[in-house]
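Undergrad: Turn this into a structure:
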Amino acid sequence: MNPRVLILCTGNSARSQMAEGLLRSLGGGRVEVHSAGTNPGTVRREAIAVMAELGIDISGHRAKHVREFDGQRVDYVITVCDHASENCPVFPAGTVRIHWSFPDPAAVDGDEPTRLTAFREVRDALAATLRGFVGESLPATDPVGNRLTVFEPAPATVEAWPGGGSALSPGGSTALWVAASRALESESAEPLYCDPYARALAGDTGFAILRTMRAAMGLPENTGTNPYLTIRTRYFDDALVAAVRAGSLTQVVILAAGLDARAFRLDWPSGVGLFEVDRDDIFAYKEPLLSRAGARPRCDRRIVRADLSAPWTGALTVAGFDPGRPAAFLAEGLLVYLEEAAAAALIESIRKIAAAGSWLGLDLANTAMLTSPVTAASVSKLAAAGCPWRFGVDDAESFLGQHGWTATVASPGDPDVSHGRWPFPSMSRREPGIPANYFVQAR
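TA: Got it, this is the predicted structure:
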């Protein structure tokens, strides 16, 4: 007998209707799904439209009152708004109650494109969270049938994302998490690198987010540094400096720089200009902390306040970047958060300002990272926090090649990359269904 799920919000007009359609699609016939409201209205046409973009038809849905399900068997009750959670009726013993808080897209004012954007954002966050819900009921195994328990999805009640108190956007708050990981590595007995500013940059919020992500992964709190983030930082430290020295490059561009401190901690050749590109909120947070720490750059550091989702290359050239000279570009921890079209547009924008002899470094996730039950809890937590993973690619060489770059790829488990830190077997990134990240250098 398939589990029976009832999804509730106040009006049963947007969030719960989209969630019903998404879960029915994700469940593939393994779950019976219904939705209702505590004060039902009418199904919003914007919800119907954005679901149709995914090929899911909810045009025949109607808004229903939760009382229509009185006396019926319900295995899971999922509330997707706070009001519905507070006013949810009592269900029989044995019914599992789960609460996820999503913003109401119907509350967004503006023209139709603005409203549709709001509905898409909530739709995508719901989809990622529901993948996690489905993943919890599925076996997570490796290619030879061994159960993978290290990253087994955790219960839906993991600690709430603590970044809401930060002055940074949800996406910017992930930089706090990465800085916290760098701090722990720098303070370890045998660090792969030293970032003396990481702890100050991470702050208490960064370490709280780090604990939250460990909980989402099902890891104990005292598991030390994140091996992937540690290996990634060291890999691109080495690769970036090597590219600059080998090519006698005098320009370095770090895209979505976040709380990166390479301008201050790496040994740069004389004459290097380093451009950090990110949004205003990042630099408003970062610069006072670096100043209080007495940080002094070891190169000609220039900050470029620009949003990469909008035209940004003009701001880079205004800051002194010369498109006529080759440069090293780094996009670390960035592309997975972009839509596919935005990721392609970013690579194309870099190509247009990259003179012959330029170098590009970036990390990518394969598509299984976004869809596997093994990663579902992490994916869900990030989506609920407003910074969902959106982009995965299984053939990095082809993806970069479409935009004029010749790529070489390394995996964190490769012996010459891992520094003995990778705790899992090294597997092919093209192994079907196995989540994988990888590092790319391109010219």
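Undergrad: How about the contacts made by Y76?
TA: P3, R4, V5, L6, T95, V96, I98 (CB atoms under 8 Å, 6 or more residues apart in numbering). (Each C-beta comes from the backbone N, C-alpha and C, glycine too.)
Undergrad: Identify the residues contacting the nearest residue to the first one once chain neighbours are set aside.
TA: In space, not counting the residues next to it along the chain, P3 is nearest to D75; the distance is 4.4 Å by CB to CB, 6 or more residues apart in numbering. D75 is in contact with P3, R4, V5, G94, T95, V96, counting by CB under 8 Å, 6+ apart.
Undergrad: So which of the residues you listed is the closest to V50?
TA: When the contacts of D75 are ranked by distance to V50 (CB to CB), V5 comes first, at 21.1 Å.
Undergrad: Regarding that closest one, what is its secondary structure?
TA: Per DSSP: H, G, I helix; E, B strand; the rest coil, the local secondary structure of V5 is strand.
Undergrad: And for T408?
TA: strand.
Undergrad: In this structure it contacts Q441, no?
TA: Yes. Under the criterion of CB atoms under 8 Å, T408 is in contact with Q441, at a separation of 5.4 Å.
Undergrad: between those two, who's got more neighbours?
TA: Set side by side, T408 and Q441 show unequal neighbour counts under other CB atoms under 10 Å, the larger going to Q441 at 21 against 12.
Undergrad: Dump whichever helix or strand the more buried one is part of to PDB, restricted to CA.
TA: Take DSSP states H and E as the rule and Q441 turns out to sit in strand 437-442. What follows is strand 437-442 as a C-alpha-only set of coordinates in PDB (Å, rounded to 0.1, in the frame of the first residue of the first chain):
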ATOM      1  CA  ASN A 437      32.000  16.900  -8.000                       C
ATOM      2  CA  TYR A 438      35.000  17.700 -10.000                       C
ATOM      3  CA  PHE A 439      37.600  20.300 -10.700                       C
ATOM      4  CA  VAL A 440      38.200  21.900 -14.100                       C
ATOM      5  CA  GLN A 441      41.100  23.800 -15.600                       C
ATOM      6  CA  ALA A 442      40.600  25.200 -19.100                       C
END
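Undergrad: which secondary structure elements does it contact?
TA: Here strand 437-442 touches helix 227-246, strand 359-365, helix 396-401, strand 407-410, going by 3 or more CB pairs under 8 Å, 6 or more residues apart in numbering; DSSP states H and E.
Undergrad: can we see that at 6 Å?
TA: Counting contacts by 3 or more CB pairs under 6 Å, 6 or more residues apart in numbering; DSSP states H and E, strand 437-442 is packed against strand 359-365, strand 407-410.
Undergrad: rewinding a little: export the contacts of Y76 as a markdown table, with columns for distance to R305, pLDDT and neighbour count.
TA: Below are these laid out as a markdown table (distance: CB to CB, whole Å; pLDDT from 0 to 100; neighbours: other CB atoms under 10 Å):
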| residue | distance to R305 | pLDDT | neighbour count |
| --- | --- | --- | --- |
| P3 | 49 | 86 | 15 |
| R4 | 51 | 90 | 17 |
| V5 | 45 | 93 | 24 |
| L6 | 47 | 94 | 25 |
| T95 | 50 | 84 | 14 |
| V96 | 47 | 84 | 13 |
| I98 | 40 | 87 | 17 |
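Undergrad: Now for those: which two are most distant?
TA: Across the contacts of Y76, the two members that end up farthest from each other (CB to CB) are R4 and I98, 13.7 Å apart.
Undergrad: Point out where the stretch 1-150 of the chain drops to low pLDDT.
TA: Judged against pLDDT under 70, the low-scoring parts of the stretch 1-150 of the chain cover residues 28, 90-93, 135-150.
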